[in-house]
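A.B. asks: Based on what follows, work out the 3D shape:
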Amino acid sequence: MPGKMFIEGEDVNLRTIEEEDAQFLRNGVNHPEVRIHMGNRRPQNLENEKDFIENAVQDEDDVNLLICKEDEAMGIISLKQKDKASKLGEIGIWLHPDYHGNGYGTEASKLVVEHGFEQLNYHKLYARAHSDNEASKSIWRKHGFQKEGEFKDHVYTEGEYRDVVYYGLLEEDRL
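C.D. replies: Take a look at the predicted model:
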């Protein structure tokens, strides 16, 4: 069973990531449809994911949550503090492909955007997506994020270079 409920949504809940979630995380980040957009080139084993839980998830400056529908884990979403003085945070998300196309990523990101601005007092949030990842780019546009730039040939994955698009949202511009 996933960790403790942290943010409750309409269709998804965001829960704490616990040690017993390591296997789900390992399976997710190794899935071809997930790793291609993460730039993950090396296989991740159970120990890698346990290290992620021990180090990244327990970092008090960052928020890492499991996206769940009832008690079923579907993916993770993170809000990483990038610049404390500027109150700048970066959102990252992945969903297992079995859950794509149902609005779960859109709702989870909405919940994290609200949390970032209303509870953590961020001034600006940003996210990035590979230029060919229309689903990810759509999530950010739905929440009022504006395209701020595109880095040409910024990542190498699946045998080719890809552009990365950056989206940003100021607290005063949120929908």
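
A.B. asks: and the nearest residue to residue 82 once chain neighbours are set aside, how many neighbours does it have?
C.D. replies: Leaving aside its sequence neighbours, residue 82 sits nearest to residue 88 (Cβ to Cβ, 6 or more residues apart in numbering; 4.7 Å). Yep, even glycine has a C-beta here, placed from its N, CA and C like the rest. The burial count assigned to residue 88 is 16, neighbours taken as other Cβ atoms under 10 Å.

A.B. asks: again, but for residue 77
C.D. replies: With other Cβ under 10 Å as criterion, residue 77 counts 23.

A.B. asks: can you check residue 60 too?
C.D. replies: Counted by other Cβ under 10 Å, the residues lying close to residue 60 total 6.

A.B. asks: what kind of secondary structure is it in?
C.D. replies: coil (DSSP: H, G, I helix; E, B strand; the rest coil).

A.B. asks: what's near enough to touch residue 44?
C.D. replies: Residue 44 makes contacts with 25, 26, 29, 30, as judged by Cβ atoms under 8 Å, 6 or more residues apart in numbering.

A.B. asks: follow-up on the earlier one: quick one, what contacts the residue nearest to residue 82?
C.D. replies: Residue 88 touches 81, 82, 122, 123, 124, 125, 126, counting by Cβ under 8 Å, 6+ apart.

A.B. asks: hmm, back to that, turn the buried ones among the contacts of residue 44 into a named PyMOL selection, would you?
C.D. replies: In PyMOL, a selection of the buried entries from the contacts of residue 44 looks like this (16 or more other Cβ atoms under 10 Å):
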select buried, resi 25+26+29+30
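
A.B. asks: Now the two most distant members of the contacts of residue 44.
C.D. replies: The two members of the contacts of residue 44 with the most space between them (Cβ to Cβ) are 25 and 30, at 9.4 Å.

A.B. asks: Would you state the strands of the protein in chain order?
C.D. replies: 5-8, 13-16, 63-69, 72-83, 88-95, 124-130, 146-157, 160-170 (DSSP state E).

A.B. asks: Averaged pLDDT, the fifth one. What do you get?
C.D. replies: Regarding strand 88-95, the rounded mean pLDDT is 96.

A.B. asks: Next, count neighbours for residue 158.
C.D. replies: Neighbours around residue 158, by other Cβ under 10 Å: 9.

A.B. asks: Tell me which residues touch it, please.
C.D. replies: So residue 158 contacts residue 36 (Cβ under 8 Å, 6+ apart).

A.B. asks: So residue 120 sits against residue 84, correct?
C.D. replies: No - counting by Cβ atoms under 8 Å, residue 84 is not a contact partner of residue 120; they are 10.8 Å apart.
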